[in-house]
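Trainee: Sequence and predicted structure are below.
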Amino acid sequence: MKTKNYSIFGAGAAGLYTAWRLLNGEVKHEKDKAKQLTKGDTLELYDWGQYDFSKEHPGSRAPGARVCTWHYQNDKAKSYVELGGMRYSEWDTKAKDCNDGKAAGHRLVTTVISDLGLNNYSVPFNESTNPLFYLRTKNTYLSDFTSNNPAPYNVDHYGASTSPDEGFSIVENLSVTSTTGPQTRREWDQFYQTGRITAELPESSIFQKGDFLKDIGYWNLMYDQLGSEGYQYSADGNGYTSNVINWNASVAFQANNEFTPGNEYRTLTIGYSGMFHALFETIVKLAKEKEVLFAYHPNTRLHSILQIDGIIHYAIATREHPNKRAGEQTTDAAWLAMPRYSIDLVAQATRYQNHKGIDVLNHEKVQLYLEAAIMQPSYKVGMFFKEQWWLDQAAYPPQLTSYEVTTDVIAELKTLGFPEKYLTAIARKGDPEIMETPYTTAEAFLKVVEHRIQERLTVIQEELLLSTSKRNTIGPSVTDTPIRMVVYFGNNALDKSGEPVYGLLASYDDETFTTFWRELELGPEEGRHIPISADTQTLKGPRKVPEKMVKMLRKQMAELHFGPNSDYSNVPEPLEAAYMDWSLPPFNAGYHAWAAHYNIGDVQQKIRKPSQLMEGQDANIFIVGEAYSNDQAWVEGAYCTAESVLNDFFGITPLIDNKEYPFICSVR
């Protein structure tokens, strides 16, 4: 019996997930068993970089592609800052309606974390309900915005007296509301393809009732409805420039709902990259158990790929010479677990030459569909300090404090002698909920706890409960200066026995702001020696921030936390500072967005096996990852596209019940 060879190119979220599910997935139908990996088969995983997966497979940076956990002094026991993706939306699998269409959360990420035994490391990602803003040289908090104290924007209809996110709601209400619009994931899928403006608009509006939203650029629509100042307020105040570009308006409606204050997220105390450490180690273990040869190839990229006489031929290149063919092999199926830019690099190798076989990636319709994903550059800078100056010294400290009981808090209170009957009552389900529900004031928190236990707490008990449940991290704070957002990670070290070190994301920005920092990477007397197109810093890992960039960062953080024209020296010199420029190859984007004028359901269905776009052709070449997903910018999107390929083309039973949670859009 002929053995199979499956090849995955890209060792990020989609690539690792695909490898994991090829090894642990089960099939329902006899006809699909021949596609399963069995004894003697080979599973290849190619990695252009070299992720630090384990002691047996060390590397230069934490795993996860555009997830990158950076620890102080590169010590995993010490404090960390996320320099890439950092959080997920938890799916409450214990709720009685958890499988209906309205249940919130990233269902595959939540399931993977549980299956890998990482639930004990999952903790709330504490977003502030009253964030700090520094807009047009005015320091203020969200709760301060009123008609008497508006944000410094001349927005029509008193729009500057409310949250900057109100602009998103105004535009969304042209078609849907929280009660009349799509309520489920499946209904949103349909809306992306059929949604129209339903409001009666004046003749002066560029867009009118009945216009398809998928054919409207979101920036165009926002400017038309909010005016220049209204648009700018939303753009500056929401923190993400990527949210207000000219992307597909129908998708923007739903996507921007995820970024409003009050949404609850979680992260891992071991860092978000910890999920990919665990995935890789599980893959190695499963392959050994199934007697499948798992071949991991770091520092190797896919150079080109063709199908010749029904066989997939691919060439590889080394990290040292990434543009030169270094060898050629064949495979039975290939997964391109990579973003749009990396796919285009592969296509370029065969675009301008005559060759045998089918060149899937360079077919005109495949190229058209690949361009449906807009590349969105982003830039993140992390810093570590010996003190929390933003809380202890700032004139405008971020409003981070909240009180939240988690399983860790329950365990700690138990060791401190807190009454067992109180802990049982607090952990019990109820209305209002206490467990993992943030309360912004101590008074409100204590009131709900005492109501639940039906007794008064002593002063000592109050102090114990407040001290163990207090949270003063994350944020973010938002500004229109190039740092854009600051996220406060604090002292999140697993080992609390040493000297505390406090981390923060000193700059979290995207789009045009990335070039502001890039020019500060080199000093006034330094020339550029490496072409940007060849600078694969993202593969090497976080790069040390040069002195002048540190000073610029301190200057802007001083304005945010101490007021206009504050001296940079108000912000102390960091212990360490590093950055990741996600606009560099091979990613050239921190995340992606859907372009207007596309039926994204059709694109999602076809691009995952692009030969479907070629009449009379069939090639087992697949594209997976967040770029062409229903959850762009999230690990969930990478997992969902990978799962859909395995379900639909390899007969693998879905990891979870997906009846009301379609992994990708259907076509209408």
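Mentor: Cool, got the structure. Numbering: from 1, shown residues only.
Trainee: mind listing what the helix or strand bottoming out on mean pLDDT in the chain pairs with, with the direction of each?
Mentor: Least confident helix or strand, the chain: strand 470-471 with a mean of 86, by mean pLDDT, DSSP states H and E. Using DSSP bridges, the strands paired with strand 470-471 are strand 402-403 (antiparallel).
Trainee: show me the contacts for the nearest residue to F650 once chain neighbours are set aside.
Mentor: Closest residue to F650 apart from its sequence neighbours, by CB to CB, 6 or more residues apart in numbering: K35 at 4.8 Å. C-betas here are computed from N, CA, C, even on glycine. K35 sits next to K4, V27, F650, G651 when contact means CB atoms under 8 Å, 6 or more residues apart in numbering.
Trainee: Number of residues surrounding the closest residue to K138 other than its chain neighbours?
Mentor: Nearest residue to K138 in three dimensions, chain neighbours excluded: P152, at 4.9 Å (CB to CB, 6+ apart). By other CB atoms under 10 Å, the residues close to P152 number 15.
Trainee: Quick one: low-confidence residue ranges for this structure.
Mentor: Where the chain drops to pLDDT under 70, the residues are 1, 258-263.
Trainee: any idea which helix is longest in it?
Mentor: Determined from DSSP state H, the single longest helix within the chain is helix 218-237.
Trainee: so what secondary structure elements neighbour whichever helix or strand comes after that one?
Mentor: Where DSSP states H and E defines the elements, the next helix or strand beyond helix 218-237 is helix 249-257. In terms of contacts (3 or more CB pairs under 8 Å, 6 or more residues apart in numbering; DSSP states H and E), helix 249-257 is packed against helix 166-172, helix 185-194, helix 218-237, strand 591-594.
Trainee: Quick one: the ones you listed as TSV, columns for distance to G271 too.
Mentor: What follows is the helices and strands packed on helix 249-257, written out as TSV (distance: least, CB to CB, whole Å):
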stretch	distance to G271
helix 166-172	31
helix 185-194	29
helix 218-237	29
strand 591-594	19
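Trainee: got those as CSV, with mean neighbour count and distance to T437 columns?
Mentor: Converted to CSV, the helices and strands packed on helix 249-257 look like this (neighbours: other CB atoms under 10 Å; distance: least, CB to CB, whole Å):
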stretch, mean neighbour count, distance to T437
helix 166-172, 20, 24
helix 185-194, 19, 24
helix 218-237, 21, 26
strand 591-594, 25, 29
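Trainee: Tell me which of the ones you listed sits nearest to T269.
Mentor: T269 sits nearest to strand 591-594 of all the helices and strands packed on helix 249-257, at 24.2 Å, using CB to CB.
Trainee: Residues in contact with the helix or strand that comes right after that closest one: which ones?
Mentor: Counting by DSSP H and E, the element after strand 591-594 in chain order, helix or strand, is helix 600-607. With CB under 8 Å, 6+ apart as the test, helix 600-607 has contacts from 189, 192-193, 214, 248, 251, 366, 369-370, 372, 594, 612-613, 623, 628-630, 641, 664-668.
Trainee: I'd say P476 and S128 touch.
Mentor: Yes: assessed by CB atoms under 8 Å, P476 is found in contact with S128 at 7.4 Å.
Trainee: Mind checking which of those two has more residues around it?
Mentor: S128 (24 against 21).
Trainee: residues in contact with that one?
Mentor: Residues in contact with S128 (CB under 8 Å, 6+ apart) are P261, P398, Q399, L400, I474, G475, P476.
Trainee: where does the last one fall, helix, sheet strand or coil?
Mentor: The reference is to P476. strand (DSSP: H, G, I helix; E, B strand; the rest coil).
Trainee: contacting residues around it?
Mentor: By CB under 8 Å, 6+ apart, the contact set of P476 is E127, S128, P131, G239, M485, V486, V487, Y488, L505, Y508.
Trainee: Same check on K214?
Mentor: Residues near K214 by CB under 8 Å, 6+ apart: Y192, Q193, G195, N248, A249, S250, V251, A596, H597, Y598, N599, I600.
Trainee: One more: E450?
Mentor: Taking CB under 8 Å, 6+ apart, we find E450 in contact with R456, L457.
Trainee: So it belongs to a strand, correct?
Mentor: No: judged by three-state DSSP, E450 forms no part of a strand; its state is helix.
Trainee: In ChimeraX, how would I select just the buried ones from the contacts of S128?
Mentor: Only the buried members of the contacts of S128 enter the following ChimeraX selection, criterion being 16 or more other CB atoms under 10 Å:
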select :398,399,400,474,475,476
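Trainee: Dump the contacts of S128 to a markdown table, plus distance to D156.
Mentor: Below are the contacts of S128 laid out as a markdown table (distance: CB to CB, whole Å):
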| residue | distance to D156 |
| --- | --- |
| P261 | 23 |
| P398 | 30 |
| Q399 | 29 |
| L400 | 33 |
| I474 | 33 |
| G475 | 30 |
| P476 | 28 |
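Trainee: Which positions within stretch 460-471 qualify as buried?
Mentor: Using 16+ other CB under 10 Å as the test for burial, stretch 460-471 gives Q461, E462, L464, L465, T468, S469, R471.
Trainee: nearest spatial neighbour of M375, skipping sequence neighbours?
Mentor: Using CB to CB, 6+ apart, the closest residue to M375 is A589 (3.8 Å).
Trainee: what about that neighbour, which helix or strand?
Mentor: A589 belongs to no helix or strand, assigned by DSSP H and E.
Trainee: which phi and psi does P124 have?
Mentor: Main-chain torsions, P124, degrees, to the nearest 10: phi -60, psi 140.
Trainee: I figured it was touching Y403, is that so?
Mentor: No: counting by CB under 8 Å, P124 does not reach Y403; the two are 11.3 Å apart.
Trainee: residues shared between the contacts of these two?
Mentor: P438, R471.
Trainee: So the two - more neighbours on which side?
Mentor: Each of P124 and Y403 has its neighbours counted (other CB under 10 Å); Y403 has more, 24 against 20.
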